[in-house]
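K.L.:
Got a sequence here, can you model it:
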Amino acid sequence: MYARDSYRCSSVAAAERAEWWSEIVSSIHARMAIRVPDDYRGRIEHQHTGAYQLVRWWGDEEFIKRTGRQVRQDPHLAYELLVPVTGSMTVRQAHTTVTLEPGGMSLVSLDAPMDMWHSSNFSCLALVIPRARIDARIGGTPARIIALDAGHGMGRIVADLLRSLRGQADTISGLDFDAAADRAVDLLCLAYEGALLPPARESQDDLIATIRCFVRANAHDISLTGARVAAELGWSLRQIQARLQRAGTTPSLLIREERLELARLRLQHPGWDHRTVASIATSSGFSNASTFSNAYREHFGERPTDTRERCRAHRVPQPQRPAPQASGRPAPDAMPCGASRW
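P.N.:
Residues are numbered from 1 along each chain as shown. Predicted coordinates for the structure are as follows:
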């Protein structure tokens, strides 16, 4: 289910703002300890489905800490991509400290202790991403925080896509939101991989991009193998294996990942509603429906039928009902784009 919420501190008495803000932030991201003054000024705009969350927030100076105990008690199984818009922020995690300003971005884990600070008059975009969506694409858990360039190249494309996704919040469906977020994660992982490689490997980056494009275009072919990829592209199998190993994957894993992505797109598309899940698995390059189902659940955290049913539900018009008012706490308030920051 796709929803859009808005919260602002001005709707809460000054004496209650610090506790209220801490609860709102923790409910969106993960349980955290937040230190702000009683008269704190902040605002959040929140788009979310069962898979992704996109957050834009504005605020005064803020200190945030996620402890090891909070990680154990409230695991989130997610990463957060931080893209500052105004002001500056510093994030420390796993003995690595990154300072971010507009034009930069960073991927941090919500399942590891973290310290964060941001300046006054700060605003930021944040995409909360299921952990499996990142780990499956980069071949394992990122070893450290790394600052990425959001002003040029692939990083700029990711940042622009998130801005567009926010700008079209009222005109898209949950299916659209998840599809766009999936593409942003694909591009983010390419940007992440590029940031980890030294400039001398530029030609190797071209090679892996060519490999991925070929595999993506032929993922539906059940006979596709690493040996065939190498033969079609004119390289040796050993050369391709070595390059993919440096990128944290193998030919077979890359082929399976692209087949899963193809199957997911087909499960989401109404034009494939008449096909069974087993038929979609076969048409996406899988020879065994059971193998496909297990791999899909491991990769996306849900069954193929769950994806299909959720997307079908999005396409069925839902009756409009008034939102219930939560007792003891101001309800999310819709704010026009031109409204006051606070």
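K.L.:
which of the residues in the helix or strand containing Ile208 are buried?
P.N.:
Element membership of Ile208 [criterion: DSSP states H and E] is helix 202-218. Applying a neighbour-count criterion of 16 or more other CB atoms under 10 Å, the buried positions in helix 202-218 are 204-205, 207-208, 211-212, 214-216, 218. Where you see a C-beta, it was placed from the backbone N, CA and C, and this is true even at glycine.
K.L.:
quick one, domains of the chain?
P.N.:
Under the assignment automatic domain parsing, the domains of the chain span 3-196, 199-315.
K.L.:
Check this structure for its longest helix and report it.
P.N.:
Counting residues, the longest helix in the chain under DSSP state H turns out to be helix 174-196.
K.L.:
centre of the chain versus the strand or helix carrying Arg310, how much separation?
P.N.:
Per DSSP H and E, Arg310 falls inside helix 304-315. Distance, stretch centre to chain centre, for helix 304-315: 20 Å (CA atoms, centre = their mean, to the nearest Å).
K.L.:
same question, stretch 293-305
P.N.:
Taking CA atoms, centre = their mean, one finds stretch 293-305 lying 17 Å from the centre of the chain it belongs to.
K.L.:
Please enumerate residues in contact with that stretch?
P.N.:
130, 132-133, 136, 256-257, 260, 263-264, 267, 277, 280-281, 286, 292, 307 (CB atoms under 8 Å, 6 or more residues apart in numbering).
K.L.:
May I have the secondary structure class of Ala112?
P.N.:
When classified by DSSP: H, G, I helix; E, B strand; the rest coil, Ala112 comes out as coil.
K.L.:
doesn't Arg92 make contact with it?
P.N.:
No - using CB atoms under 8 Å, Ala112 makes no contact with Arg92, being 10.9 Å away.
K.L.:
So these two - more neighbours on which side?
P.N.:
Neighbour count, other CB atoms under 10 Å: between Ala112 and Arg92, Arg92 has more, with 17 against 13.
K.L.:
Show me the beta-bridge partners of the more buried one.
P.N.:
Here Arg92 sits in beta bridges with Thr97, Asp115, going by DSSP bridges.
K.L.:
for the longest helix of the chain, what is the average pLDDT?
P.N.:
In this model, helix 174-196 carries a mean pLDDT of 81.
K.L.:
Same question for stretch 126-134.
P.N.:
pLDDT averaged over stretch 126-134 gives 88.
K.L.:
Tell me which residues are up against that stretch.
P.N.:
For stretch 126-134, the external contacting residues (CB under 8 Å, 6+ apart) are 28-29, 51-57, 77-83, 107, 109-111, 141-142, 162, 181-182, 184-185, 188-189, 298-301.
K.L.:
Likewise for stretch 147-163?
P.N.:
Stretch 147-163 is contacted by residues 54, 81, 83, 98-100, 102-107, 125, 127, 180, 183-184, 187-188, 190-192, 194-195 when judged by CB under 8 Å, 6+ apart.
K.L.:
Would you mind giving me the ChimeraX syntax to select the buried ones in the residues you listed?
P.N.:
A single ChimeraX command selects the buried members of these (16+ other CB under 10 Å):
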select :54,81,83,98,100,102,104,105,106,107,125,127,180,184,187,188,190,191,192,194
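K.L.:
How many residues are close by Ala281?
P.N.:
Neighbour count of Ala281, defined by other CB under 10 Å: 26.
K.L.:
Kindly apply the preceding question to Gln70 instead.
P.N.:
19.
K.L.:
Could you pull up the residues touching it?
P.N.:
30-33.
K.L.:
export those to TSV and tack on distance to Leu244 and secondary structure?
P.N.:
TSV is the format used below for those (distance: CB to CB, whole Å; DSSP: H, G, I helix; E, B strand; the rest coil):
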residue	distance to Leu244	secondary structure
Ala30	33	coil
Arg31	38	coil
Met32	37	coil
Ala33	41	strand
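K.L.:
Which of those residues sits closest to Ala3?
P.N.:
Comparing the contacts of Gln70 against Ala3 with CB to CB places Ala30 closest, at 18.7 Å.
K.L.:
Can you give me the pLDDT of the closest one?
P.N.:
84.
K.L.:
quick one: contacts for the residue lying closest to it once chain neighbours are set aside?
P.N.:
Closest residue to Ala30 apart from its sequence neighbours, by CB to CB, 6 or more residues apart in numbering: His76 at 4.1 Å. Neighbouring residues of His76 by CB under 8 Å, 6+ apart: 29-30, 110-111.
K.L.:
what helices or strands is the helix holding Ile208 leaning on?
P.N.:
Helix 202-218 is packed against helix 174-196, helix 226-233, helix 237-246, helix 251-268, with contacts defined by 3 or more CB pairs under 8 Å, 6 or more residues apart in numbering; DSSP states H and E.
K.L.:
just to revisit the earlier point, can you tell me which of the contacts of Gln70 lies closest to Gly42?
P.N.:
Nearest to Gly42 among the contacts of Gln70, with distances taken as CB to CB, is Met32, at 14.0 Å.
K.L.:
Do I have it right that Asn218 meets Arg212?
P.N.:
No - the pair Asn218 / Arg212 is not scored as a contact, 11.2 Å apart, by CB under 8 Å.
K.L.:
quick check: angle from the helix holding Arg310 to helix 251-268?
P.N.:
40 degrees (axes from the mean of the first three to the mean of the last three CA atoms, to 10 degrees).
K.L.:
what about Ser120, which helix or strand?
P.N.:
Secondary structure from DSSP H and E places Ser120 outside every helix and strand.
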